[in-house]
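Asker: Got a sequence here, can you build the structure:
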Amino acid sequence: MTNARIAVVGIHGHGEKHVQHALELGTDGRRARLCAVVDPREPAEGHTAYGTRTPWFPTLGDLLSSPDPDVRPDVVVLCTPIPTHLPLAKAAMEAGMDVLLEKPTTASLAELTELVTISDRTGRLCQVGFQTFGSHALDAVAELVARGEIGEVIGYGAVGTWVRDAAYWARAPWAGRRRLDGRDVVDGVVTNPLAHAVATTLRIGGATRAEDVAWVDTDLYRANPIEADDTSSVRVTATDGTRYGFGLTLCAAERGTAHVLVLGTLGEIELQYEHDRLVLRTEKVTMDKTYGRTPLLEDLLDVRTARATGDTGRTLLCDVRDTGAFMRVLEAVRTGPDPRPVPADAVTWAGDGDTRRPVVQDVETWCEQVARTQRTFSELGAPWAR
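Answerer: Below is the predicted model of the structure:
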């Protein structure tokens, strides 16, 4: 299973990182090589694989129908618009290829069910790009909780206070949309830019499959002139009674560090998941440690190798089935009421032109309270949540 051939579909924007990673793997003992790139826009002239131009195809169908065996991939990385995830992953797996699919998994829970069925039927691997699932800090959190370092866990939360400007919402026709051309998109703060906060918190609390979630309460708002939500609170109640609170915004005064909270009777654990930094706080001890991370593409290659040698017990770090709990949240956002506009008197505007962006009054404080209490903005009495 050495020198696996990798094709990256969607090479502009975040896809550039996948291209670079595939190229780097090509220099690491020839573990893999980038065999093709796929995008409607042809790569710039300087887009080369260490001196050799990478074959380019405008569509995945063009790549799969190529008679050249040298460009036929073993692994397909999909970094494409949300509505394309299911059809492209389906085409790749039915053609005998394993898939690394960028988050969010699909545009609906029904599409996730179909994708899992395809993976079962074809026997192909499907890893989803929640990169935080590869963080070694997640095991450390589990160990601290198991040892009783913070006493009994009373709740989980996540805070994301980020900034996005007008250029972000103009980056693509589907940006900030709930639906486009009759198809679900669901491109809001909960389901795309801060999806890692939701999925990682659920994963830490042991909720991964769709059946692990009993109920989802959403409280969605928008300060930007978009369809989707940019400032939201969500409460998830698991089937075992565990509660999760998510306070998320793209309308903060300054970009904050997104973090997960594990709240206990004797203390708390904070995971700054962007940096794999774990902070333990109790009356007796404070610990601050940064951990490593296993890249999900490399994990996918390792699992492929294990299966080729007969080791069927090795599983993916973020198997498509383990995004079911997150997809229950996405489904609640998708089928719920349209986000309510934040009242104008609670919003100030910064910047001009492409850098113009809204700042929601005291949104950082309210997001933190949502995470710590597992109550929504409306329940907490945020003045603009009415």
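Asker: low-confidence ranges in this structure?
Answerer: 1-2, 28-30, 45-52 (pLDDT under 70).
Asker: okay, now the domains of it?
Answerer: Domains of the chain are assigned by automatic domain parsing as 4-132+295-323, 136-291+340-380.
Asker: Quick one: end-to-end length of the longest one, please.
Answerer: From its first residue to its last, domain 136-291+340-380 covers 34 Å (C-alpha to C-alpha, to the nearest Å).
Asker: likewise the first one?
Answerer: Between the opening and closing residues of domain 4-132+295-323 we find a distance of 26 Å, counting by C-alpha to C-alpha.
Asker: Residue 329 is nearest to which of the domains of the chain?
Answerer: Closest of the domains of the chain to residue 329 is domain 136-291+340-380, at 5.5 Å (criterion: C-beta to C-beta). Quick note: C-beta positions are derived from backbone N, CA and C, even for glycine.
Asker: Can you give the distance of the closest one from its chain's centre?
Answerer: Centre-to-centre, domain 136-291+340-380 and its host chain are 12 Å apart (C-alpha atoms, centre = their mean, to the nearest Å).
Asker: about what we covered before: tell me which of the domains of the chain approaches residue 331 most closely.
Answerer: That would be domain 4-132+295-323 among the domains of the chain, by C-beta to C-beta, at 4.1 Å.
Asker: picking that back up, now tabulate the domains of the chain in CSV and tack on mean neighbour count and distance to residue 332.
Answerer: Shown next, in CSV, are the domains of the chain (neighbours: other C-beta atoms under 10 Å; distance: least, C-beta to C-beta, whole Å):
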stretch, mean neighbour count, distance to residue 332
domain 4-132+295-323, 18, 9
domain 136-291+340-380, 19, 4
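Asker: how about CSV for the ones you listed, with distance to residue 329 added?
Answerer: Converted to CSV, the domains of the chain look like this (distance: least, C-beta to C-beta, whole Å):
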stretch, distance to residue 329
domain 4-132+295-323, 10
domain 136-291+340-380, 6
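Asker: Which one of these lies nearest to residue 330?
Answerer: Short answer: domain 136-291+340-380, nearest of the domains of the chain by C-beta to C-beta, at 4.8 Å.
Asker: can you map out the helices along the chain?
Answerer: Ranges of helices within the chain are 15-26, 60-64, 85-94, 109-122, 137-146, 166-169, 195-204, 296-308, 324-335, 363-373, 377-380, based on DSSP state H.
Asker: is it possible to export those to JSON lines including distance to residue 262?
Answerer: Below are these laid out as JSON lines (distance: least, C-beta to C-beta, whole Å):
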{"stretch": "helix 15-26", "distance to residue 262": "29"}
{"stretch": "helix 60-64", "distance to residue 262": "40"}
{"stretch": "helix 85-94", "distance to residue 262": "30"}
{"stretch": "helix 109-122", "distance to residue 262": "26"}
{"stretch": "helix 137-146", "distance to residue 262": "6"}
{"stretch": "helix 166-169", "distance to residue 262": "30"}
{"stretch": "helix 195-204", "distance to residue 262": "6"}
{"stretch": "helix 296-308", "distance to residue 262": "23"}
{"stretch": "helix 324-335", "distance to residue 262": "16"}
{"stretch": "helix 363-373", "distance to residue 262": "11"}
{"stretch": "helix 377-380", "distance to residue 262": "21"}
